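Undergrad: Need the 3D shape of this:
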Amino acid sequence: MALALRSAALWGTKFFRGIIYMPYVTSMVAMSMVWLWMYDPTHGVINVLTEMLGISAQQWLYDEKLALGAVIVMGIWKGIGYYMTLFLAGLNNIPAYLYEAAKIDGANAIQCFKHITLPMLKPVTFFIMITGVISAFNVFEQVNVMTSGGPMNSTTTIVHQIYTRAFTEYKMGYGAAEAVFLLLIVFVFTILNFKYGNQGQDLDI
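TA: The predicted structure is shown next:
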């Protein structure tokens, strides 16, 4: 998406950037309610579309084999605009003369992408990987609203487990232990980000 919408001079790119980024700045609870309706097995938009294509309706959030994938799709849709924006910033920081020199030497678009774009995006990619993993460990709202961790705990997450243990089952010690464990995980990835997050900034260009 970042590559497709890289040029602001093309018609409609600003509009599509805004449309793709908009879900990220909206409330997770509100978007979870919208997707909960879309996944409705009887009147949901997704099942209506699949039936139009000749595919039988699915119990998206009530089938333990489908529920986690359905929640993941919603999470990707919600956050993809943010990561696209980061990659756009990284693409705009790549010096144009690198591509000009490569084209003079006979490089095609694929070679330019492989040998210029990807290496120059290394710091951005690493930052996205680290922050994405940390965000994945903190998933809660969409699980709590859409599935409550079910069916059969197929969509539960660490944060949802902490909430369930501490504030539903009132096992405060158990919940606190899980919270400390989560803190240690996030701490490790944060240290990795500080240590390696700037790698690639000193590429020889």
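
Undergrad: Low-confidence regions, this protein specifically.
TA: Residue ranges of the chain with pLDDT under 70: 8-9, 197-205.

Undergrad: mind listing the helices for it?
TA: Remark: helices assigned in the chain by DSSP state H are 13-25, 28-38, 45-52, 67-92, 96-104, 109-112, 118-120, 122-137, 141-146, 158-163, 172-196.

Undergrad: mind listing what's buried in the shortest one?
TA: In this case it means helix 118-120. By neighbour count with 16 or more other Cβ atoms under 10 Å, helix 118-120 contains the buried residues M120. All C-beta spots, glycine's among them, are computed from the backbone N, C-alpha and C.

Undergrad: same for it, what does it pack against?
TA: Using 3 or more Cβ pairs under 8 Å, 6 or more residues apart in numbering; DSSP states H and E, no helix or strand is in contact with helix 118-120.

Undergrad: Now do it: distance to the chain's middle.
TA: 21 Å (Cα atoms, centre = their mean, to the nearest Å).

Undergrad: now swap in the second one and tell me
TA: The chain centre lies 16 Å from the centre of helix 28-38; the measure is Cα atoms, centre = their mean.

Undergrad: Which strands and helices lie in contact with that helix?
TA: Packed next to helix 28-38, using 3+ Cβ pairs under 8 Å, 6+ apart, are helix 45-52, helix 67-92, helix 141-146.

Undergrad: tell me the most buried of the helices of the chain?
TA: With neighbours taken as mean count of other Cβ atoms under 10 Å, the helices of the chain reach their highest mean count in helix 141-146, at a mean of 20.

Undergrad: between the helices and strands packed on helix 28-38, which gets nearest to V188?
TA: helix 67-92 (21.7 Å; Cβ to Cβ).

Undergrad: how close does F194 get to N138?
TA: As judged by Cβ to Cβ, to the nearest Å, F194 and N138 stand 18 Å apart.

Undergrad: quick revisit: can you list the helices and strands packed on helix 28-38 in CSV and add distance to T155?
TA: Converted to CSV, the helices and strands packed on helix 28-38 look like this (distance: least, Cβ to Cβ, whole Å):
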stretch, distance to T155
helix 45-52, 17
helix 67-92, 5
helix 141-146, 5
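
Undergrad: Would you tell me which of the ones you listed gets closest to A4?
TA: helix 67-92 (9.5 Å).

Undergrad: for that closest one, the distance to its chain's centre please.
TA: 4 Å.

Undergrad: So for L182, which of the helices and strands packed on helix 28-38 sits nearest?
TA: Going by Cβ to Cβ, the one of the helices and strands packed on helix 28-38 nearest L182 is helix 141-146, 14.5 Å.

Undergrad: can you list the residues that contact that closest one?
TA: Identification of contacts with helix 141-146 by Cβ atoms under 8 Å, 6 or more residues apart in numbering yields 28-29, 31-33, 35-36, 39, 61, 70-71, 74-75, 78, 149, 155-157, 160, 163.

Undergrad: chain center to it: distance?
TA: On Cα atoms, centre = their mean, the centre of helix 141-146 falls 16 Å from the chain's centre.

Undergrad: Also stretch 64-74?
TA: Worked out by Cα atoms, centre = their mean, stretch 64-74 lies 14 Å from the chain centre.
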